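Undergrad: Structure, please.
(one chain, ligands or ions: 1)
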Amino acid sequence: MRPLLSISRRTRRTPFSSRVEAAGASGYTVYNHTLLATSFRGIEVDYWHLCENVQVWDVSCEKQVTLMGPGANQLAQYMTPRNLTHAKVGRCYYLPMCDENGKMMNDAVAIKVNDRHWRLSVADSDVLLWAKGLAVGFGLDVEVREPDIFPLAVQGPKAEDLMCRVFGDEIKQLGFFAIAPFVYHGQRMKVARSGMSKQTGYEVFVNNAEIGTQLWDELFAKGQDLDVRAGCPNLIERIESGLLSFGNDMDHETTPFEIGLDKYIDLDADVKSLSLPALRKHTPSKKLMGLVLEYHRNLADLNVFVGDQKIGDVRSQAYSPKYMRRLAFVMCDLAALNGATTVEVNTDQGKARGVLTSLPFDFDELGLTACR
Ligand code: THG
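TA: Residues are numbered from 1 along each chain as shown. Predicted structure coming up:
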């Protein structure tokens, strides 16, 4: 018998859990103490459907942490090395969040609600506890809470069409990473053009559980001809798109420079950030890189070699049916790698050779074309 996941109040269900079960979720993980489906009809079937149609995802597990009060701006800035000085209301900001040693605590999508109110949509680590500790330790006048807000993602090339049917054509005005209030059945809720896929997508920040389930049902009723299905962040699509997962591709021992988040950090910024002093002195000794393997073979372990020398570990991996290659993110030891790009891994059929590349994958440059 396969082991069961025992669900209790601690393993939080969401307003959409009954819908997710009814839609036939076939696997779950726990993310921020909350249930998150990992597959429905199988990861490959879900993948093709996501790339060609539209899916509705219960991503309530992207917990919201709010910082409210006169110290909210300061606390948000302490937590990230990204310069928030010119942050605007109405935009989402992808934030590496780092400790005093420059190590990753989380990667969140943040919005500034107003000058005294930030909202962080956090990845899988307890940002609430860290933020409370910082607020008390630095004596900031700010309240840190986890409000009842349940993100619902609508992802896929037909997402815009479906969202217009439910929220109106104004949805088309939202640019990438923009966020604006919409009214649904009399309830104001924010909608962003964002999500954990590189297909077109939106996230609705549902702030009323009952209206949220109505919204779920309406998305399915109005999307029948679009073949709308329940879905979830898809491992294959995430890897092809180079989207990182906290806990998999990075952890509390990783710096943002080691995972390619340099572009979000201005080391010269004149801001009070907990991690900037350490990051200014930091020289990365490891780097997350893409790995492309010729064959559809399963890995026997997570070690990556140049000759007999181990140079890194696989962090996330999946077979890409679109490019017919196994793709992986590998954390490489730069000294051991010494500039090599051809590496070997152990598979269930012996050693296999692969090529290391920068992330995100550039399939054109790799000479790979989509098979459909
Ligand atoms: N949506 C929301 N909250 C989240 C996630 C989300 N919190 C947890 C987790 N996902 C955070 N991780 C990511 C990783 C990448 C992106 C978003 C969240 C992302 N990155 C773009 C990229 O890499 O190209 C763009 C970033 C940018 O332009 O600033 O979208 O999915 N609400």
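Undergrad: can you map out the helices along this structure?
TA: Along the chain, counting by DSSP state H, helices occupy 17-22, 43-52, 72-79, 127-137, 159-167, 209-222, 235-240, 276-280, 334-337.
Undergrad: now the longest one, how far from the chain's geometric center?
TA: For helix 209-222, the distance between its averaged C-alpha position and the chain's averaged C-alpha position is 24 Å (C-alpha atoms, centre = their mean, to the nearest Å).
Undergrad: what angle sits between it and helix 159-167?
TA: The directions of helix 209-222 and helix 159-167 differ by 120 degrees, with axes from the mean of the first three to the mean of the last three C-alpha atoms, to 10 degrees as the criterion.
Undergrad: Extract the CA atoms of helix 209-222 and return them as CSV.
TA: Coordinates of each C-alpha in helix 209-222 appear next as CSV, following Å, rounded to 0.1, in the frame of the first residue of the first chain:
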residue,chain,number,x,y,z
ALA,A,209,-13.4,32.1,0.6
GLU,A,210,-17.1,31.9,-0.4
ILE,A,211,-16.8,34.2,-3.4
GLY,A,212,-13.5,32.4,-4.3
THR,A,213,-15.3,29.1,-4.8
GLN,A,214,-17.9,30.9,-6.9
LEU,A,215,-15.0,32.3,-9.0
TRP,A,216,-13.5,28.8,-9.4
ASP,A,217,-16.9,27.5,-10.6
GLU,A,218,-17.4,30.4,-13.0
LEU,A,219,-14.0,30.0,-14.5
PHE,A,220,-14.9,26.4,-15.3
ALA,A,221,-18.4,27.2,-16.5
LYS,A,222,-17.2,30.0,-18.8
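Undergrad: Other residues contacting that helix?
TA: Applying C-beta atoms under 8 Å, 6 or more residues apart in numbering, the contact partners of helix 209-222 are 15-16, 19, 56, 148, 150, 152, 154, 162, 165-166, 184-185, 187, 204, 206, 228. From N, CA and C alone the C-beta is placed, and that goes for glycine too.
Undergrad: Low-confidence stretches in the stretch 51-200 of the chain?
TA: The stretch 51-200 of the chain contains no residues with pLDDT under 70.
Undergrad: and it, which residues reach the ligand?
TA: Neighbours of the ligand within the stretch 51-200 of the chain, by C-beta under 6 Å from any ligand atom: 62, 94, 107-109, 121-123, 151, 177, 194-196.
Undergrad: And the strands in the stretch 1-150 of the chain?
TA: Per DSSP state E, counting those that start in this stretch, the stretch 1-150 of the chain carries strands over the ranges 27-31, 34-39, 55-58, 64-68, 92-98, 104-114, 117-121, 143-145, 150-155.
Undergrad: cool, and the stretch 251-372 of the chain?
TA: Per DSSP E, counting those that start in this stretch, the stretch 251-372 of the chain carries strands over the ranges 286-293, 299-306, 309-320, 325-333, 342-347, 350-357.
Undergrad: Now the last one - C-alpha only, CSV.
TA: Taking C-alpha atoms only, strand 350-357 is exported to CSV below (Å, rounded to 0.1, in the frame of the first residue of the first chain):
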residue,chain,number,x,y,z
GLY,A,350,25.1,3.7,-17.1
LYS,A,351,26.9,6.9,-17.6
ALA,A,352,25.5,9.6,-19.9
ARG,A,353,27.0,12.8,-21.2
GLY,A,354,25.5,16.2,-21.0
VAL,A,355,26.1,19.9,-21.7
LEU,A,356,26.1,22.6,-19.1
THR,A,357,24.6,26.0,-20.1
